[in-house]
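Novice: got a structure for you, letters missing:
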């Protein structure tokens, strides 16, 4: 009987609970410029270059290591370059934020297309500028 009472109370409370507000997320990327729509980089080379930033973020590594002030990831004909927006910052971008930014740019420019953009966060006190270009 007590279990029935608890069930009733919790189900009733759940039915009238105030929904959790979902505030909009901060914009992931800004200042996106698709630099050469006529060029499509090799997908495999771009994916490998994507994981070569910060000396490599493949596997279990979840964040840029070593606090670099600039970093590049190159494979074949694809090259990513990341620099902090704020002078003196170091890069500490997480793999998740990096991949989220790449997907957001791909939604604008198309996959494997050269671009420049600013990714939200990713540096000690601010954002990072990202360039994908033909190597």
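Specialist: Received it, and whenever you're ready, just let me know what you need. What you are looking at is a predicted structure, and each value in this text was computed from that prediction instead of being measured.
Novice: show me what residue 94 bridges to in the sheet.
Specialist: residue 63 (DSSP bridges).
Novice: can you map out the strands along this structure?
Specialist: 29-34, 71-75, 78-84, 115-122, 127-134 (DSSP state E).
Novice: can I get the ones you listed in CSV with mean pLDDT and distance to residue 106?
Specialist: For the C-beta atoms, the positions are set from N, CA and C on the backbone; glycine is no exception. Shown next, in CSV, are the strands of the chain (pLDDT from 0 to 100; distance: least, Cβ to Cβ, whole Å):
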stretch, mean pLDDT, distance to residue 106
strand 29-34, 97, 10
strand 71-75, 97, 16
strand 78-84, 98, 13
strand 115-122, 96, 9
strand 127-134, 98, 10
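Novice: and the ones you listed as a markdown table, adding distance to residue 45?
Specialist: Shown next, in a markdown table, are those (distance: least, Cβ to Cβ, whole Å):
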| stretch | distance to residue 45 |
| --- | --- |
| strand 29-34 | 19 |
| strand 71-75 | 5 |
| strand 78-84 | 4 |
| strand 115-122 | 16 |
| strand 127-134 | 10 |
